[in-house]
Structure formats: C-alpha cells, structure tokens
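# quick one, fold the following:
(2 chains)
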2 protein chains.
Amino acid sequence: MATPELSFDIAEYKERLRKTKIRMEQEGIEVLLVTDPANMCYLSGYDGWSFYVHQMLVVFGDEEQPVWIGRKMDAKAAEFTTWLSHENILYYSDDYVQSKIKHPMDFVCDFLKEKGRANKTIGVEMDNYYFTAQCYVSLMKGLPNSRLVDATSLVNWVRVIKSDREIELMKRAAKLVEKAMQSGIDKINAGVRECDVVADIYHAEITGTEEFGGDYPAIVPLLPAGEKTSTPHITWSDNRYKEGDLVILELAGCCKRYHSPMARTVSIGKPSQRVLDLTEAVVEGINAALDAVKPGVTAEEVEAVWRSTIAKHGFVKDSRIGYSTGLNYPPDWGEHTISLRQGDKTVLQPNMTIHMIPGIWQDNYGVEISETFRVTENGCETLANFPRQLFVK
Amino acid sequence: MATPELSFDIAEYKERLRKTKIRMEQEGIEVLLVTDPANMCYLSGYDGWSFYVHQMLVVFGDEEQPVWIGRKMDAKAAEFTTWLSHENILYYSDDYVQSKIKHPMDFVCDFLKEKGRANKTIGVEMDNYYFTAQCYVSLMKGLPNSRLVDATSLVNWVRVIKSDREIELMKRAAKLVEKAMQSGIDKINAGVRECDVVADIYHAEITGTEEFGGDYPAIVPLLPAGEKTSTPHITWSDNRYKEGDLVILELAGCCKRYHSPMARTVSIGKPSQRVLDLTEAVVEGINAALDAVKPGVTAEEVEAVWRSTIAKHGFVKDSRIGYSTGLNYPPDWGEHTISLRQGDKTVLQPNMTIHMIPGIWQDNYGVEISETFRVTENGCETLANFPRQLFVK
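As a prediction, the model looks like this:
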C-alpha cells in the first residue's frame, strides 16, 4: 500500500483520540460510534465523498486504534487517507447498500457481538445527519443488551479548540475566500448571469494560490439577489442581475476540509438609504462584537454587545449571530457547538474559531457582512483581510 | 410577495402530490413527513441550502396542500420557490436550531397536536440523511398516540418515472456534463495540479451554455488519480499529475437540481496492457448492458448481461452497476430506488432514468466509464453524447 497522505502528524490524531476517550469516560461511554464525517476525519484522517452510504469509526475506550467500517469499495480510500492499520479497516458487501433487506448497522451489530461488546454502553450521534432513525432502530434491535446513549457533539466539542496546524489550514482557507470573494464582486454587474459569477468564484476558490489549491466547501456559494436578499440560503440561478439589485455573497474557502467562511453584500448601482442605514448598523454591530471577544467572555456576552449596538439604530435580530467553524463536510460548515446567542454560556478560549455572521433580513432586502475569527490570548483576529463594507458597483 | 420561480407548472406539482397520496393510502399513511430535500423540492418546488437544519413538508392525505415547516429565516425562501400558500408556510424560532434544550420536532409535534392529527398513522423517512435518530425519538415522545411507520423512499418511488419536462432538464444537465468532462480531459496532463483541473470543470459546468447555466451537483467531482483509481470516492488535492497516471473523472451536470452523471477515465501517457484490457471489458460490458435495456426487462436482467460479458474477459464485479438518478441534493445524486444488481426485480419502464456506472476497481488501478440513460419505448437513449472510451493524453 501507498503511505497515507495525512494532513496532520499521527501524534496529533492520537492526541485528539485521547481527548475523545476522556470525554467518553466522563459520560460512561465504553464504545463510541462516530458517524459525522468531520468527526471521522478528525480522529482518523478519513476523507472521501462516501458519506452518502452508512459508514463509521468505532472508538473503543480501551483500544488504541479506532475501527473504520464502511462500504467495500471505500475501504481502499480508508487505506489511502487514515493512519489506521489495515486490520482496523473493515467493510460490508455491496448488497447492504440502500437495500430493503439488509442494513449496514446489522453488520456493525455483528461486529460488536463478535468483539464481545454487545452489552456495553454505546454512544451514538443521535442528531447527526448521517445517523438516521433507521440506524438507531437497527442498532437497538441488533444489540438488545447494550445501552445506547446520546453522544451528539461529543467529538465536536473536542474539535472546538484548534491546534496551530489547524489554524494554519484555516488561514489558508481565508486566503482562498478572499480570492473567491474578490472575483465574485469583480464579476457582478447588471446584465451578468448569476451562474457566471459563481463559475468565477469556484474557479478562484479551487485553483487557489501557487502554494496551495482549494478543497470543496461544505456549503456551496449562497447568492441571494434582489428581493431574495431577505432570506439567506438561496443559491444561484441563471437569471441576469438588474440595475439596483442587492446581492449577498456567503462563501467559504476550504483547505484540507478546513473552512474560513465570509459574507459580503454588493449593491449594483447606488444603494437606497435604507440599505445604507442597515449596512451602517451591521458594520458597527460586528465591529463592536469583535471588540468584545477575548478569552473568558461568554458567547452570549458577545451577542449582547451586538444586540445593544444595533438597537441604537433601531434594528432587532432574532437569530444567532455566529457559530464555531473549522473542519467540515456537507451539509454544514458549522460545528454544532458554540452559538453566539442568548443562553449560550460557553466561555471563549484561545484558538476557538467562530464565524460571526450577523445577517439582517428585512421584508424584501437584507445585508450580510461576516468575519471568521480566532480567539487570541487577549482578543481576537479575523482570519481573512477584506474590507468590511458594502460594495457598490 | 414576488411570484415564485417554479421549474414546473403547478399542475405538475399537483400531479406528483396526487400520486404520493395514492401511495400513502395504499400504505395506510394519513400524514407523511417528508424530510428528504429532493422529495420536498419534488412536491413543493422548495429549493435552498437550508437542509442543514431540520425542515420538512407535511403531506396530509385529506388536505389539498402540504405544509412547509422550517427555520424562520428560510420561510421566505419557501415563499420564493414553492407553489404553497402563505398560510401553509410555517416556521420555528431560531432557539430551536442546534440546541440541546429544544428540538425542531417538538415544534412539529405541537403543530400536529393543534391540527388534531396527533393520533394518526404518520409516515417518516426512517433511513433518510435528514431524518436523524433524534428526530424519531422526539416524535415518538411528543406524539405517543400516533403510529410512526417507515415511509423511506415512498416519494422517491413516485419520482422514478420522469415527465417530459424532467427529461428536458436532464438533457440540459447532460450538455453541462459534456462540457465539464471535455474541459477536465483537456486540462489533465503531467505536471498539472488536480485542483486546477477541477477549477476548470466547475467553471464549465456552472457557466454552462448561452441558453442555460448549471446548478451545483449533489456530489462534487470525484477524481481519484494514480493508485487511488482503485477506489471511487476520493476527491481532488493539489498534487500534480505524473506521467503514467490514470485519472478517473466522475462528474455530473445539474440543471434546476436535475442531474446527468457521467464517468470517464484518462491515461496520462501510454496505458499499460492491463488498463487496456480492463477498459475493453468495461466498454464491451456497458455496451451489451445498454443494448439489453428496454421496457419490461428487470434491473437484475440488465446487470446479468453486464456480468456475463465481463466474465468472458475474466473480470468480476461485486457491486451494483447503476441506480436511478434525477432530481437531487447532497450528499447523493442517486434516488435510492432502482439498483442494477442481482435481486432487484424492478421492471424497467419508459422514462426511468438510470446512471449505469460499472466501475471496476482492482488492487491498485481502476477504470470507470459510465452513461446516464433514459428508458425509451423500445430500448434506451443515453442523455449525453460523449466518446465511450479511455482517453490518452
């Protein structure tokens, strides 16, 4: 076999695993079934677009290496991308795939029974996209003597503080998003098709720089235009922009699966006063909120600064203004841990990385300007360096 | 509100809904919770990258319109993209998002209780990515008097025969994949970085033609190179190709969420005899299998033709050789209905659309050559028109 191409030293993967096992022990979990592709990659290095079939990493509290289980044709990808021994890469045959008769979790149950682990406390990622209701039911049926407990976000919380190497990859991703954002803004104009803007964005993001190329972000470019800027998650069409359109661009650069998201807003032609007023509030709000970030401050305290700043301008936002980001796979580049919102009492610590995206969506227009930042020893630094403003074409 | 931009006449959406209700009645399902984004789009038109939070379409057997339920900031996207009345678009507040305290399914339970539907037989898509174990547990807890039954693929099976308008969109997608594949093949060469090839592929796919642009495919370009061609789902890196490398390209064009996938294999420099032998077997196998397709033939019969053809060359493939495709969202462009494999007794009918991808992955190399085809009245037609061969650079 070829030597696997790892993004990190094996020691770093082992350290991640050690921290995961500590959390497992704290929660009384003896066996952890890791189905989130980002968590799988974080612990093992596994990387491939195979998460559309069931796969997992099985972490035993008392064994050195996890076990990768997936589809036969993907086992080679595990050899190419993980630090695991050949013996720890197991696969099920193709008749388990999207079948009404057999389910991949039956294979997992058989494996745990053979290992004598069928009566353990088993952690499962209950609210992860890739742990379906059927996975749960099949495990309960196949392992009646086990105790299944919720371990949603257990590994995600281990991911929340980044290593220096992770920060390095996110800074590369920030370079990619700067390039992608610039080419999008350059291309947008009245008469241009949305798809032609996105084609340039993708090209810039993926071809990257001389030193490194870009990976696929976990979310595609979000580009609402015109009245659709009143909602954030609309993708592009082949419509042509019109004079007077407002365009929101929410993009990320991605390097070795690490993201730096960023949003900006463009006005085609002179912006209306209400857009200028909203932009002023958003920029002042994000500036104040970023100024409030430092170790020891809580997530909700940062949000409160934003809230009071925009209130002075007469605006209210009833959704969270940010979330932890880093390593991820579709459908989300958010880590499902920290949210900048009321009630989130997470204490910020150095090398947490957060996408602060305080978009405001009014009835028929909206403005998004965002920054991904790293908590530093005494404040924060944004990963990208890009004018924090409304762009007028 | 702006008039929604629909890809189909409202009559077509209503016809889809009528067929869905017939299946619901056959299975004794009174209320269907549709969480698969493709199924949501199919029935309502809903389109947005919001499936990373919980959302659904609730179909009542006895009501004319389904109800969309999602996050508040996405409700506007439902207004812009669906044919549903304003009253049928409901949303939960942002504190339900990725929270440990409240789950969006609690909101759904409250809604069904208010509607007096808490004691019904409710179909849920048990093995869909976007119906997590936690969704299931929350519904069971919140609706103790209901009967939850498995409706995985219920709507997917309604999708299996395409309308003329759907075929038209898939043929556009085929034009896009032809362009993307050509630009990928043109760019590949020794010394070129993988990411630079993918940048060109994306650009071609999304900028499309003068008449229509491209949408994001549900799977990113899969581009294993060198020894990694022994496994299919590896994505690109910024490595440089070397003389002698084999490169697999599995791509799709996508138009209004409708896909036409296609795979080809490229040899950088003179291919080895074993690669030529494998290619010959794959091309002969796919030709024979396509020749066998016509209405009335079963999925497994098509696979058997492939199997016996490659056996003459001494090859065996133990995974399925194709699946139904069309409308989809990440992480899969496959429809999870028909599989071309032993045991699948689905009888082929006109306007079924299938991606026949009989890749063969050996120990340290592999070849993929695939076609997406439509079953016609007396045979089949491939959607794209692209040389069915190994490309040598």
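
# which other helices and strands contact the lowest-mean-pLDDT helix or strand in chain A?
Lowest by mean pLDDT, DSSP states H and E among the helices and strands of chain A is strand A:360-361, with a mean of 93. Here strand A:360-361 touches helix A:273-292, going by 3 or more Cβ pairs under 8 Å, 6 or more residues apart in numbering or on different chains; DSSP states H and E. Yep, even glycine has a C-beta here, placed from its N, CA and C like the rest.

# quick one: name whatever helix or strand follows the helix it packs on.
helix A:299-311 (DSSP states H and E).

# and residue A:262, that's in a helix?
No: counting by DSSP: H, G, I helix; E, B strand; the rest coil, residue A:262 is not found in a helix; it is strand.

# surely it is in contact with residue A:177?
Yes: Residue A:262 lies in contact with residue A:177 (Cβ atoms under 8 Å); the separation is 4.8 Å.

# identify the contacts common to these two.
Residues within reach of residue A:262 and of residue A:177 at once, by Cβ atoms under 8 Å, 6 or more residues apart in numbering or on different chains, are A:251-252, A:384, A:386.

# which two among the residues you listed are spaced furthest apart?
Pairwise distances across the shared contacts of residue A:262 and residue A:177 (Cβ to Cβ) peak at 12.8 Å, for the pair A:252 and A:386.

# I'd say residue A:237 and residue B:216 touch.
No: assessed by Cβ under 8 Å, residue A:237 is found out of contact with residue B:216, at 11.6 Å.

# ok, the two, which is more surrounded?
For residue A:237 versus residue B:216, the count of surrounding residues by other Cβ atoms under 10 Å in any protein chain shown is larger for residue B:216: 23 against 19.

# can you classify the more buried one by secondary structure?
Following three-state DSSP, residue B:216 is assigned to coil.

# next to chain B, which bits of the stretch 151-300 of chain A? Give me the list.
Counting by Cβ under 8 Å from any Cβ of the partner chain, the residues of the stretch 151-300 of chain A close to chain B are A:152, A:193-196, A:198-200, A:202-204, A:206-208, A:212-216, A:219-220, A:222, A:227-228, A:230-238.

# okay, now the domains of chain A?
A:10-158, A:164-392 (automatic domain parsing).

# of those, which is nearest residue B:9?
Each of the domains of chain A has some distance to residue B:9 by Cβ to Cβ; the shortest is domain A:164-392, at 18.1 Å.

# mutual contacts of residue A:252 and residue A:386, please.
A:177, A:262.

# these two - which one has more neighbours?
Between residue A:252 and residue A:386, residue A:252 has the larger neighbour count (other Cβ under 10 Å), namely 31 against 16.

# secondary structure element for the more buried one?
Element membership for residue A:252 (DSSP H and E) is strand A:246-255.

# which elements pack onto that strand?
With contacts taken as 3+ Cβ pairs under 8 Å, 6+ apart, strand A:246-255 sits against helix A:164-187, helix A:194-207, strand A:258-267, strand A:366-367.

# turn the ones you listed into CSV, including mean neighbour count and mean pLDDT.
Converted to CSV, those look like this (neighbours: other Cβ atoms under 10 Å in any protein chain shown; pLDDT from 0 to 100):
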stretch, mean neighbour count, mean pLDDT
helix A:164-187, 21, 98
helix A:194-207, 25, 98
strand A:258-267, 26, 98
strand A:366-367, 26, 96
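
# quick one: closest of those to residue B:271.
Comparing the helices and strands packed on strand A:246-255 by Cβ to Cβ, helix A:194-207 comes nearest, at 27.4 Å.

# now the residue in the stretch 201-350 of chain A positioned nearest to chain B. Nearest residue, chain neighbours left out?
At 2.8 Å from chain B, residue A:213 is the closest residue in the stretch 201-350 of chain A, using Cβ to the nearest Cβ. Nearest non-adjacent residue to residue A:213, counting by Cβ to Cβ, 6 or more residues apart in numbering or on different chains: residue B:195, 2.8 Å away.

# point out where chain A drops to low pLDDT.
Residues of chain A meeting the criterion pLDDT under 70: A:1-2.

# spatially central residue for it, please.
In chain A, the centroid-proximal residue (Cα atoms, centre = their mean) is residue A:333; its distance is 1.9 Å.

# how far away is it from residue A:142?
33 Å (Cβ to Cβ, to the nearest Å).

# distance of the residue nearest to residue A:213 from residue A:204?
From residue B:195 across to residue A:204, the span is 11 Å (Cβ to Cβ).

# one more: residue A:320?
Residue A:320 sits 29 Å away from residue A:204 when distances are taken as Cβ to Cβ.

# and residue A:223, by the same measure?
Counting by Cβ to Cβ - residue A:223 and residue A:204 are separated by 14 Å.

# which positions within stretch A:358-369 qualify as buried?
For stretch A:358-369, burial by neighbour count (16 or more other Cβ atoms under 10 Å in any protein chain shown) applies to A:358-361, A:365-369.

# just the endpoints, please. Distance across that stretch?
Length of stretch A:358-369, first residue to last, Cα to Cα, to the nearest Å: 7 Å.

# what does the stretch 1-150 of chain A put close to chain B?
Going by Cβ under 8 Å from any Cβ, the residues of the stretch 1-150 of chain A near chain B are A:2, A:5, A:47-52, A:72-77, A:80-81, A:93-95, A:97-98, A:101, A:103, A:124, A:126-137, A:150.

# among those, which ones are in strands?
Applying DSSP state E to those, the entries found in strands are A:124, A:150.

# what about residue A:354, which SS state?
Recorded secondary structure, residue A:354: strand (three-state DSSP).

# residues touching residue A:98, list them.
When contacts are counted by Cβ under 8 Å, 6+ apart, residue A:98 touches A:53, B:323, B:334, B:336, B:339.

# can you verify the fourth one is assigned to a helix?
No: counting by three-state DSSP, one finds residue B:336 to be strand, located in no helix.

# who are the neighbours in contact with it?
Taking Cβ under 8 Å, 6+ apart as the contact definition, residue B:336 lies against A:98, B:152-153, B:156, B:323-324.

# reformat those as JSON lines; add secondary structure and distance to residue A:162.
Shown next, in JSON lines, are these (DSSP: H, G, I helix; E, B strand; the rest coil; distance: Cβ to Cβ, whole Å):
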{"residue": "A:98", "secondary structure": "coil", "distance to residue A:162": "36"}
{"residue": "B:152", "secondary structure": "coil", "distance to residue A:162": "38"}
{"residue": "B:153", "secondary structure": "coil", "distance to residue A:162": "40"}
{"residue": "B:156", "secondary structure": "helix", "distance to residue A:162": "39"}
{"residue": "B:323", "secondary structure": "strand", "distance to residue A:162": "38"}
{"residue": "B:324", "secondary structure": "strand", "distance to residue A:162": "41"}
